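J.: got a predicted model here, sequence first, then my questions.
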Amino acid sequence: MSVPSEYFVALSAVLFGLGAVGVVTRRSAILVFLSIELMLNAANLAIVAYARQWTVTGGGHALEGQGAVFIVLAVAAAEVAVGLGILVAIFRHRVTTDVDQLAEVRA
Amino acid sequence: MTETASGAAQLVALAPLVALVGALVNGLFGRGIREPASGVIASAAVAVGFVLSLVAFVAYPGEADGFRFVFAEFLRAGSLAVDLGFLIDQLSLVMALVITGVGFLIHVYSVGYMRGDPGHARYFAQLNLFVAAMLVLVLADSLPLMFVGWEGVGVCSFLLIGFWYQHRQNADAARKAFIVNRIGDVGFLIAMFLTFKVFGSLDLATVTSAAPGIAYGAPALTAIGLLLLLAAAGKSAQLPLQLWLPDAMAGPTPVSALIHAATMVTAGVYLVARTGDVFAQAPAAAATVAWVGVLTALVAAVAAFAQTDIKRILAYSTISQVGFMVAAVGAGAYWAGIFHVVTHAFFKALLFLGAGSVIHALGGEQDVRRMGGLGRRMRVTGTTSLVATLAIAGVPLLSGFFSKDAILHGTLTSQLVADAGGPFLFALLLLTAVLTAAYMFRWYYLVFAGEERLTAEAAAKVHESPAVMTVPLVVLAVGSVLAGYLGVQEFLGRNLIAEWLSPVLASVPFDHLSVGAEWALIVGSALAAAVGLGVGYWLYAVDKGRTVKRLEQAPVAALARSGMGFDAAAQAVFVRPGENVAEGLALLDRDVLDRGLAAPVTAVPRLARLAALWQSGYVRLYALAMLIGAAAVTAVALLAGVSR
């Protein structure tokens, strides 16, 4: 018998939590990005885990879940490309990537 | 209504259009028009109107009933149908002749009087518009179209009285004239509503032909008559709406001449004469009209004694003379009222233009106490003014004598007002005729005769006015002498104007006087003028004003100076309560409504500022909020069992 799905989901939850804590606590924009990636991949892990579970118990096939993961990966890659581009531009202007110092847009 | 009348008579329909074109040319392109040209254009437009009226007058078949000239449909709503059309008949032709004829002379005179005024093009545009509106008023074949002209006259008077609007006082006078006129206009409007209810039509021809078929003294007719009287009182400056006319002197003097002689104040007389068939069936309304006219004539004549402004004396004289006309049309002597309109147009225009000539010569001086003896320095103005003074005083063989005698005759013999104190009307008018002669003598003597009381600077520059101003004076003087022979009493010769007008005017029964009584009346009328002039001569020329000085201390003199207290009364009854109400409402608006609304209004931005604190700009805070939010949504979903 292979590894049960609960393990994967639990790992996914832990990774997601770590990512969330990272987003909220880290001040460097690079590290915030990193944490967001972590959360995305935690979600991906949960999705593929459920997809595998579906083939085993439901008798169906796993293509929907795996397809969704590819879309998430693609979006994440695009997001990183744009986000890092913005970050580079900001850094050139402000010589910092501290998100707390980038707080001009406020009431 | 015969539609077959000769074509030439229809030409008069073009007269208002020509005047309107003149107004448009000066009004739209005035900037590019140099000084004499604007006046020449305006005068030419009115001259063309006069020629058209004259051609129509000559071509008009005397016995015809009048015919309509319809341009287009004006209004159609349910059973109401009003055409945009003119009613061309004896009455409207006479009025058109007076308006364009006297109006033309006033235009010509204005060319000299307004020389050097930067607003000359505006002035002449408004003058032409005034004539156009007045022509529409008298030519209209229906009450609504007449109302268009009526309002046009009101607007033009507002514009021209306030022509020198840079001075607050002039602008106030213009507003006063407009507002007081509006009161009369309300009467006109309601009269139209009632007319439509009673007659089912607003056509003048339909109304005048249907009125005799309605019961004598019917309340509806009386109501229409009284409302028309209110309208007439507004335009013709009759009690209690005469307030605006003395202040209307704020405008340029030729404008006063135009308002007082050829246009505007005669509109009310025309209105009553035109709707005479209604009044002939409503004796109560007719008697009210007559009494309003008589009382106005008397009150204004008394007030005229106490005035010291050369134009204000004439203004009260106009109110008084229009009172004569209104008394005539009230008594049913419609032709006599129109006859007095015609003769008065000549001598009153002459008096005003003479006064303008004096003001012009003295460089703006208007106080008769600083005039005197000017007849020796200004021969033409002095002589023509003397003719006008004698004419208005009713000296025999001059025009005012004939028309005033016709009015006295009418009030004495009319059966329409016989029950409503006809003889008293006559007696009061005779008394007013005496007063008229006396105050007009005072006017002439203080300005043109006696010793000179000029200020040094005025005395240095006194000069006769240029020919462009004196020639109209001479023409008007000739008219002031001759116009009276249009209406010689029937037992002496042909009464041309009564014969001419008789097909269109309502017929009212009159008592017939014996020839002896007729002669007595004429002698009485002449005596009234003689007594008035004699008293004036004694008071001012013989007594040298000593008695007058003592009289000036009397309380009645102060009352007369203030125009018999009507202004103060209107101030107390209408203006001040109105101001109080307005101030109260302003207080309510400012302190209750505004302050009450201010509280919620200021609360909104305060709340918004509070909510805006959340928008701190810290991205991590937003991320945390999102996280908590997402967790909360998930928790709710799980707890509510939406897991499937």
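T.: Arrived safely.
J.: only C-alpha atoms for contact and neighbour calcs from this point on.
T.: Will do.
J.: now the residue most central in space within chain A: how far from chain B?
T.: Nearest to the mean C-alpha position of chain A, counting by CA atoms, centre = their mean, stands A:Leu40 at 1.9 Å. A:Leu40 is 14 Å from chain B, where distance means CA to the nearest CA, to the nearest Å.
J.: which strand or helix spans that residue?
T.: Taking DSSP states H and E as the criterion, A:Leu40 maps to helix A:29-53.
J.: and that helix, average pLDDT?
T.: Helix A:29-53 carries an average pLDDT of 90.
J.: my guess is B:Ala355 contacts B:Asp309. True?
T.: No. Taking CA atoms under 8 Å as the definition, B:Ala355 is not a contact partner of B:Asp309, at 10.2 Å.
J.: higher neighbour count, those two?
T.: Neighbours of B:Ala355 and B:Asp309, each counted by other CA atoms under 10 Å in any protein chain shown, are more numerous for B:Ala355; the result is 23 against 17.
J.: that one and chain A, how far apart?
T.: Relative to chain A, B:Ala355 is positioned 75 Å away (CA to the nearest CA).
J.: helix or strand for that residue, which one?
T.: helix B:334-361.
J.: that helix - contacts with which helices or strands?
T.: helix B:90-113, helix B:253-257, helix B:265-274, helix B:310-330, helix B:379-393, helix B:399-413, helix B:467-482, helix B:496-501 (3 or more CA pairs under 8 Å, 6 or more residues apart in numbering or on different chains; DSSP states H and E).
J.: now do the second one: distance to the chain's middle.
T.: It refers to helix B:253-257. In terms of CA atoms, centre = their mean, to the nearest Å, the centre of helix B:253-257 is found 12 Å from the chain centre.
J.: residues making contact with it?
T.: With CA atoms under 8 Å, 6 or more residues apart in numbering or on different chains as the test, helix B:253-257 has contacts from B:106-107, B:109-110, B:113, B:127, B:160-161, B:248-249, B:348-350, B:352-353, B:355-356.
J.: same thing with the fifth one?
T.: With CA under 8 Å, 6+ apart as the test, helix B:379-393 has contacts from B:344, B:347-348, B:350-351, B:354, B:357-358, B:374-376, B:398-401, B:433-434, B:436-438, B:440-441, B:444, B:448, B:464, B:470, B:473-474, B:477, B:480-481, B:529, B:532-533.
J.: okay, the angle between that helix and helix B:467-482?
T.: Here the directions of helix B:379-393 and helix B:467-482 differ by 30 degrees (axes from the mean of the first three to the mean of the last three CA atoms, to 10 degrees).
J.: give me the angle between helix B:379-393 and helix B:399-413.
T.: Using the same axes, to 10 degrees: helix B:379-393 against helix B:399-413 is 10 degrees.
J.: pull helix B:379-393 out as PDB, backbone CA atoms only.
T.: The C-alpha coordinates for helix B:379-393 follow below in PDB (Å, rounded to 0.1, in the frame of the first residue of the first chain):
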ATOM      1  CA  ARG B 379     -37.800 130.500 -29.100                       C
ATOM      2  CA  VAL B 380     -38.900 127.300 -30.900                       C
ATOM      3  CA  THR B 381     -39.000 125.100 -27.800                       C
ATOM      4  CA  GLY B 382     -40.800 127.800 -25.900                       C
ATOM      5  CA  THR B 383     -43.400 128.600 -28.500                       C
ATOM      6  CA  THR B 384     -44.200 125.000 -29.300                       C
ATOM      7  CA  SER B 385     -44.400 124.200 -25.600                       C
ATOM      8  CA  LEU B 386     -46.800 127.000 -25.200                       C
ATOM      9  CA  VAL B 387     -49.000 125.600 -27.900                       C
ATOM     10  CA  ALA B 388     -48.900 122.200 -26.200                       C
ATOM     11  CA  THR B 389     -49.700 123.700 -22.800                       C
ATOM     12  CA  LEU B 390     -52.700 125.600 -24.100                       C
ATOM     13  CA  ALA B 391     -53.800 122.400 -26.000                       C
ATOM     14  CA  ILE B 392     -53.700 120.200 -22.900                       C
ATOM     15  CA  ALA B 393     -55.300 122.900 -20.800                       C
END
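J.: can you give me the buried ones in that helix?
T.: B:380-393 (16 or more other CA atoms under 10 Å in any protein chain shown).
J.: pLDDT on that helix, on average?
T.: Mean predicted confidence for helix B:379-393 is 87.
J.: contact residues of chain A facing chain B?
T.: A:Ala20, A:Val23, A:Val24, A:Thr25, A:Val99, A:Asp100, A:Leu102, A:Ala103, A:Glu104, A:Val105, A:Arg106, A:Ala107 (CA under 8 Å from any CA of the partner chain).
J.: one more time with 7 Å, if that's ok
T.: Applying CA under 7 Å from any CA of the partner chain, we find that chain A lies next to chain B at A:Val23, A:Val24, A:Val99, A:Asp100, A:Ala103, A:Glu104, A:Val105, A:Arg106, A:Ala107.
J.: can you tell me which of the residues you listed are in helices?
T.: Residues of the residues of chain A next to chain B located in helices (DSSP state H): A:Val23, A:Val24.
J.: quick one: the residues of chain A next to chain B as a markdown table, columns for pLDDT and neighbour count too.
T.: Shown next, in a markdown table, are these (pLDDT from 0 to 100; neighbours: other CA atoms under 10 Å in any protein chain shown):
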| residue | pLDDT | neighbour count |
| --- | --- | --- |
| A:Val23 | 90 | 26 |
| A:Val24 | 90 | 18 |
| A:Val99 | 84 | 17 |
| A:Asp100 | 84 | 16 |
| A:Ala103 | 79 | 13 |
| A:Glu104 | 79 | 10 |
| A:Val105 | 75 | 10 |
| A:Arg106 | 72 | 11 |
| A:Ala107 | 63 | 12 |
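J.: for the stretch 451-600 of chain B, which residue gets nearest to chain A?
T.: B:Pro600 (21.9 Å; CA to the nearest CA).
J.: got the contact list for that residue?
T.: Under the criterion of CA atoms under 7 Å, 6 or more residues apart in numbering or on different chains, B:Pro600 has no neighbours.
J.: please repeat the previous calculation with a cut-off of 10 Å.
T.: B:Arg606 (CA atoms under 10 Å, 6 or more residues apart in numbering or on different chains).
J.: surely it is in a strand?
T.: No. B:Pro600: not assigned to a strand; according to DSSP: H, G, I helix; E, B strand; the rest coil it is helix.
J.: what about it, distance to B:Val592?
T.: 14 Å (CA to CA, to the nearest Å).
J.: residue boundaries of the strands in the chain?
T.: As the question left the chain open, I've gone with chain A. Ranges of strands in chain A, per DSSP state E: none exist.
J.: switch to chain B, please.
T.: Counting by DSSP E, the strands of chain B are B:67-77, B:80-88.
J.: what's the pLDDT at the residue nearest to B:Ala81 when sequence neighbours are not counted?
T.: Excluding its sequence neighbours, the residue lying closest to B:Ala81 (CA to CA, 6 or more residues apart in numbering or on different chains) is B:Leu75, at 5.7 Å. Looking at B:Leu75, its pLDDT is 81.
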